[in-house]
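Engineer: can't give you the sequence, but here's the structure:
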Ligand SMILES: Cc1cc2nc3c(=O)[nH]c(=O)nc-3n(C[C@H](O)[C@H](O)[C@H](O)COP(=O)(O)OP(=O)(O)OC[C@H]3O[C@@H](n4cnc5c(N)ncnc54)[C@H](O)[C@@H]3O)c2cc1C
Ligand SMILES: Cc1cc2nc3c(=O)[nH]c(=O)nc-3n(C[C@H](O)[C@H](O)[C@H](O)COP(=O)(O)OP(=O)(O)OC[C@H]3O[C@@H](n4cnc5c(N)ncnc54)[C@H](O)[C@@H]3O)c2cc1C
Ligand code: SF4
Ligand code: SF4
Ligand code: FES
């Protein structure tokens, strides 16, 4: 059992949980993730570790409440227990050897991208962060991101905060303005990652995305997380989750991630009735 | 006592096929006391014990049957448990027809003694065995790490613990048991039986650390530096293979591992559990082994109208146990043999609409002695389909070997071992499917025992 040391809401549908897991905290690197199962009846879901605190032996998870399990998680409180936390899983992001990086986070992806920016910044690599949100109400981690970047650009789809537009608008502008990024790291919804890949492709800038396919075991045993990269089948949980964005078959992955839509909507309905609706 | 000279085994009572295909309860119900005694009387108590040679762990078969006839169930159980730590499991899932029972003299004329069924009867009905206590001073307190809690790991841990070692099993999943819990379905091996065996192991002092993926949370070197004096790797052969045909990334294509894990480990069939399984009205299972039969029979239990097994050779070549094939047929599963899928066809949303297959014919025998299938030219045809489950084999998971350069693996990713299951790394043993590729429960257990004996020898000298 893994104790929740701290729980708070970052916005109405994003929760931050500090969970005691000293072994994992001690070992995990940026880009790696854990799989959690809340209780005996729960589903196993993957979440990236946004931060670790070795003084208390905790890992920080930031979850967007989009379905049954994430809503249930978002409704847990400080002092509650999570039945299973498995990790670190996946390969750490390859972050060494770059001269100028652009880290892009979309929505809750900002939380997942944050440790990468933090690592680069600590190694004195110039790093820009572009974080995109639907509107001002769901902006998260602004202060934290500011502290680990040379420039932080926030975009909102509706223009209710900072720049109006998508992350790719800002990215293309920066590239055109002569920011010589030699790597772009993008984490967020698949649509966003695909747009980033398309934006950097003409410039030949190395672009890494973290793929959030549907997972069960996270050890390479079930094949549910399979993705097509460079025409080959890869398992995101063991071969990734990071891949070369220009090689990823996003269409196939988008279809696969919608596979359980129907059941999930039913479960979601159930969760909303249980937890009083969080959407 | 009069021997029973009937040429036929006592039949195993079964749940009726019409009923069982709608529930998840065990199919084979087990012998009654009277039937067990009647069957035991068929054993001739042969001096040279040919049956024992057929058993990979050399269970003293006439020995336990004699005790059973003396009405000493606990004694019978103790004899079995001397060499087989999981008799309730083996009695159910061992391919007895090619092992112990294949060598039984009663099988020369008529059917062999139903050794597996008797083993199951004893294991299910005996009381707990008294603890074997062989703790010796010099070995006690030495720590051994076992990686993976399938039959190989459980057996190795059990044997070493009985010898007095301090054993910890590290398991990647949230429930111990390996394929016994995530692969083999409830209706063939109730999970309560596996749990009972594992609880006994824990009671006898074995530690089990769940949710620990070795290779990620810890390396082998780190285990050594934490004070483990020896390591046994029993990580199985869990990596699923796909065919490499068009459309395999479609929504609705499962590896058998994913489908069975959703069903067995995550209990998708029980509405209290929230992990979903998406299954339509026509399901094709590709393959002809136990895994294919289990997948098809699980699919049937979700109320699917048409479940079919598609296999590229003929029924004679199917690697599944005869009994499983029979059971599958009784439950209404169709068999389409000498057929191979070539393409999975989807709609614009990526949902499966149909599959394209070709007919096959058998040519010359290959290395495995089975006749090699060839495509019949121009025989393509398509069938409407909602799901495809790939049960065409698995190979050892490379996660641990990839990050352990000193650990030799062969071309197929199997860990290379010497006779006593020693690997290329000092202080590291391996056994079970991780070494052989997918095999059987009892062979995995045998490897676990062999390794335990050698680990003991090694640690005594150290
Ligand atoms: C390596 C990895 C790291 C991740 N890290 C984070 C993180 O740090 N924070 C976070 O909020 N989320 C993260 N995710 C996504 C997270 O796992 C899913 O949001 C979660 O599984 C949804 O579970 P649920 O039961 O709440 O929703 P469900 O009811 O299962 O699904 C709700 C909706 O989300 C879609 N969905 C289902 N599974 C996924 C998935 N794996 N990825 C994207 N969409 C999905 C479904 O199509 C459905 O429409 C990560 C995913 C992966 C693979
Ligand atoms: C569906 C199905 C049906 C079968 N039916 C039969 C049958 O009827 N009769 C029969 O004799 N055999 C059958 N088999 C085969 C039999 O189950 C296997 O041969 C046997 O389980 C192998 O045992 P093992 O201990 O080597 O590995 P497994 O049972 O595969 O156990 C390996 C364990 O190691 C864990 N693991 C893997 N990697 C790591 C890691 N890095 N760190 C920590 N833990 C790890 C896994 O999670 C797993 O729990 C069947 C197999 C399947 C899949
Ligand atoms: S362990 Fe398997 S092979 Fe050995 S006697 Fe029992 S059923 Fe037969
Ligand atoms: S060979 Fe058959 S009859 Fe002879 S001892 Fe073994 S089980 Fe009994
Ligand atoms: S999650 Fe099962 S193989 Fe990746």
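Structural biologist: Nice, I can see it. Worth saying up front: this structure is predicted, and the values here are computed from it rather than measured. Numbering: from 1, shown residues only, chains lettered A, B, ... in the order given. Ligands and ions are numbered 1, 2, ... in the order given.

Engineer: longest helix in chain B, please.
Structural biologist: The longest helix of chain B (DSSP state H) is helix B:441-461.

Engineer: and residue A:205, what element?
Structural biologist: If you go by DSSP states H and E, residue A:205 is not part of any helix or strand.

Engineer: pretty sure it sits against residue A:175.
Structural biologist: Yes: Residue A:205 is within contact range of residue A:175, at 7.3 Å (criterion: Cβ atoms under 8 Å). Placement of C-beta: from N, CA and C, glycine included.

Engineer: shared neighbours, the two?
Structural biologist: residue A:181 (Cβ atoms under 8 Å, 6 or more residues apart in numbering or on different chains).

Engineer: the closest residue to residue B:6 other than its chain neighbours in helix, strand or coil?
Structural biologist: Distances taken as Cβ to Cβ, 6 or more residues apart in numbering or on different chains place residue B:42 nearest to residue B:6, at 6.6 Å, with adjacent residues excluded. With DSSP: H, G, I helix; E, B strand; the rest coil as the basis, residue B:42 sits in coil.

Engineer: how many other residues sit next to residue B:42?
Structural biologist: 23 (other Cβ atoms under 10 Å in any protein chain shown).

Engineer: do I have it right that it meets residue B:8?
Structural biologist: No: between residue B:42 and residue B:8 there is no contact under Cβ under 8 Å: 9.3 Å.

Engineer: so how far is residue B:413 from whichever residue of the stretch 101-250 of chain B sits closest to ligand 5?
Structural biologist: Of all residues in the stretch 101-250 of chain B, the one sitting closest to ligand 5 is residue B:240 (7.7 Å; Cβ to the nearest ligand atom). Going from residue B:240 to residue B:413 by Cβ to Cβ, to the nearest Å gives 13 Å.

Engineer: the more surrounded of those two?
Structural biologist: Neighbour count, other Cβ under 10 Å: between residue B:240 and residue B:413, residue B:240 has more, with 25 against 16.

Engineer: separation between the more buried one and ligand 3?
Structural biologist: 27 Å (Cβ to the nearest ligand atom, to the nearest Å).

Engineer: what sits against that residue?
Structural biologist: A:221-223, B:255-258, B:390, B:394.

Engineer: which of those sit farthest apart?
Structural biologist: A:221 and B:390 (13.8 Å; Cβ to Cβ).

Engineer: helices of chain A, start to end?
Structural biologist: Counting by DSSP H, the helices of chain A are A:22-27, A:68-74, A:109-122, A:142-147, A:167-176, A:190-200, A:236-239, A:250-257, A:261-275.

Engineer: which parts of the stretch 151-300 of chain B sit against ligand 2?
Structural biologist: B:151-153, B:170-173, B:178-179, B:183-184, B:212-215, B:234-236, B:238, B:260, B:290-291, B:294 (Cβ under 6 Å from any ligand atom).

Engineer: so which bits of chain A are right by ligand 2?
Structural biologist: residue A:219.

Engineer: residues from chain A in reach of ligand 5?
Structural biologist: Close to ligand 5, as judged by Cβ under 6 Å from any ligand atom, chain A has residues A:215-218, A:220-225, A:235, A:237.

Engineer: the helices of chain A: which one's closest to ligand 3?
Structural biologist: helix A:236-239 (33.7 Å).

Engineer: show me how far the closest one is from its chain's centre.
Structural biologist: 15 Å (Cα atoms, centre = their mean, to the nearest Å).

Engineer: closest residue of chain A to ligand 2?
Structural biologist: For chain A, Cβ to the nearest ligand atom, closest residue to ligand 2: residue A:219, 5.8 Å.

Engineer: correct me if wrong: that residue contacts residue B:171.
Structural biologist: No: Residue A:219 is beyond contact range of residue B:171, at 10.6 Å (criterion: Cβ under 8 Å).

Engineer: just to revisit the earlier point, quickly list what the residue of the stretch 101-250 of chain B closest to ligand 5 is bridged to.
Structural biologist: With beta bridges defined as DSSP bridges, residue B:240 has these partners: residue B:394.

Engineer: contact partners for residue B:336?
Structural biologist: Counting by Cβ under 8 Å, 6+ apart, residue B:336 has contacts B:308-311, B:357.

Engineer: and the gap between whichever residue of the stretch 351-462 of chain B sits closest to ligand 5 and residue B:148?
Structural biologist: Nearest residue of the stretch 351-462 of chain B to ligand 5: residue B:397, at 9.3 Å (Cβ to the nearest ligand atom). According to Cβ to Cβ, residue B:397 stands 9 Å off from residue B:148.

Engineer: list the residues that contact both of the two?
Structural biologist: Joint contacts of residue B:397 and residue B:148 (Cβ under 8 Å, 6+ apart) are B:235-236, B:434.

Engineer: by neighbour count, which of those wins?
Structural biologist: residue B:235 (32 neighbours).

Engineer: which helices and strands sit right next to the helix-or-strand element of chain B with minimal mean pLDDT?
Structural biologist: Least confident helix or strand of chain B, by mean pLDDT, DSSP states H and E, is strand B:371-375 with a mean of 90. Identification of packing neighbours for strand B:371-375 by 3 or more Cβ pairs under 8 Å, 6 or more residues apart in numbering or on different chains; DSSP states H and E yields strand B:352-365.
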